[in-house]
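J.: Generate a structure from the sequence data that follows.
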Amino acid sequence: MHTSHTSRAPRILIVRRDNIGDLACTTPLVAGLRARLPRAWLGALVTTYNAEVLARNPALDEVFVYEKLKHRSGGLISHLRSRLGQLSKLRQRQLDCVLVPAPSPQSLKLARGLKPGQVIAAPTTFPAAMHEVERVFALGRSLGVAGAPGLLNMYPDIQKREQLMQQIGNGPFVAVHISARRPAQRWPLARYAALAAQLSRQGRVMLLWAPGSKDSPGHPGDDEAARQVLDMANVANKANVSNSAAVIPVATPDLKTLIAALSLADRVVCPDGGAMHLAAALGKPVVALFGDSPVNRWRPWGVPHRVVRPESRDLADLPLEPVLEAFQGLA
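T.: Below you'll find the predicted structure:
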């Protein structure tokens, strides 16, 4: 890599403005860059939505966070002024290289606008068998990063974790996360309730979901769905007089709380999505429910896991029994 000032360590920025799971899959690249270039200044530019994934990551010197226009919390003028100020600060860093794992037109425009020595973008085509972690990790090759990508990594907020432990008590816990963005990735609520009720007969179950109302324009959530699952699970458990455990709803109003909750779990059951990758980044064994997304690219990375997917690739067609079998077979 060529630097504008050969006497100083290189200054490298990673731009990742997409989803939580995508950013989690970028953490092996961050670790690889730090190992290869221990003196480099290494930063990341991410969004308010996914920034907690990189919080407290010791491989990074700085994390820059900006709000997408559709997620802005204040007025338009103040939003634009804040973004311009942040971009100006980054230009002053005199970046040698900007890495763009997800080369959308917006991300590429943003990267070039920072006036770095070079922009390295991931290819838009790649082998179908390649995992997202491998695809992103390959960006480091031109900077001397060699070998295979390591594990995902993430660092929960210790205070938040302790607060949750005080609220919900001692485990062991199984976490069941019910939320998914795409319709084909949504398992019917009655089956989630039956799963939670069954698992709670073996131990304590944390019920997790994306927060908010389903009608929220910015981030539709599953508060209503979670209440339905909990009600149905409680009805099922009342019919089983021997049940002594519990299904515990754990509200996660922010990503920090979700990460802390997942860190308390021994095992996790969830659809393919952000929570699945967060669980993998925390080293948790996962039963992953897959609908229409490619398993090779998005399966849990680096942890014991079982993938369950119906032939139709629509989770509406997945019965309860294969999920229970996968859970029992999970290390």
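J.: What's the per-residue pLDDT of residue 218 here?
T.: With respect to pLDDT, residue 218 scores 67.
J.: quick one, helices of this structure?
T.: With DSSP state H as the criterion, the chain has helices at 20-24, 27-36, 76-91, 105-113, 132-137, 158-168, 189-199, 223-238, 255-263, 274-281, 295-298, 320-328.
J.: Residue 175: which of those is closest?
T.: helix 255-263 (5.8 Å; CB to CB). Any C-beta I mention is one placed from the backbone N, CA and C, and that applies to glycine too.
J.: Point out where the stretch 1-150 of the chain drops to low pLDDT.
T.: Under the criterion pLDDT under 70, the flagged ranges of the stretch 1-150 of the chain are 1-7, 67-85.
J.: phi, psi of residue 187?
T.: The phi/psi pair for residue 187 (degrees, to the nearest 10) reads phi -80, psi 140.
J.: still on that earlier bit, quick one: which of the helices of the chain is nearest residue 52?
T.: helix 255-263 (4.0 Å).
J.: Show me what the mean pLDDT comes to for that closest one.
T.: 98.
J.: Over to stretch 236-243?
T.: Rounded mean pLDDT across stretch 236-243 is 61.
J.: Next one: the residue nearest to residue 118 when sequence neighbours are not counted relative to residue 144, how far apart?
T.: With CB to CB, 6 or more residues apart in numbering as the criterion, residue 118 has its nearest non-adjacent residue at 5.3 Å, and that residue is residue 97. Using CB to CB, to the nearest Å, one gets 12 Å for the distance from residue 97 to residue 144.
J.: I'd say residue 185 and residue 274 touch.
T.: No: using CB atoms under 8 Å, residue 185 is not in contact with residue 274; the gap is 11.3 Å.
J.: These two: which has the busier surroundings?
T.: residue 274 (25 against 19; other CB atoms under 10 Å).
J.: Now for residue 33: which residues touch it?
T.: 12, 40, 42, 59, 140, 143, 145 (CB atoms under 8 Å, 6 or more residues apart in numbering).
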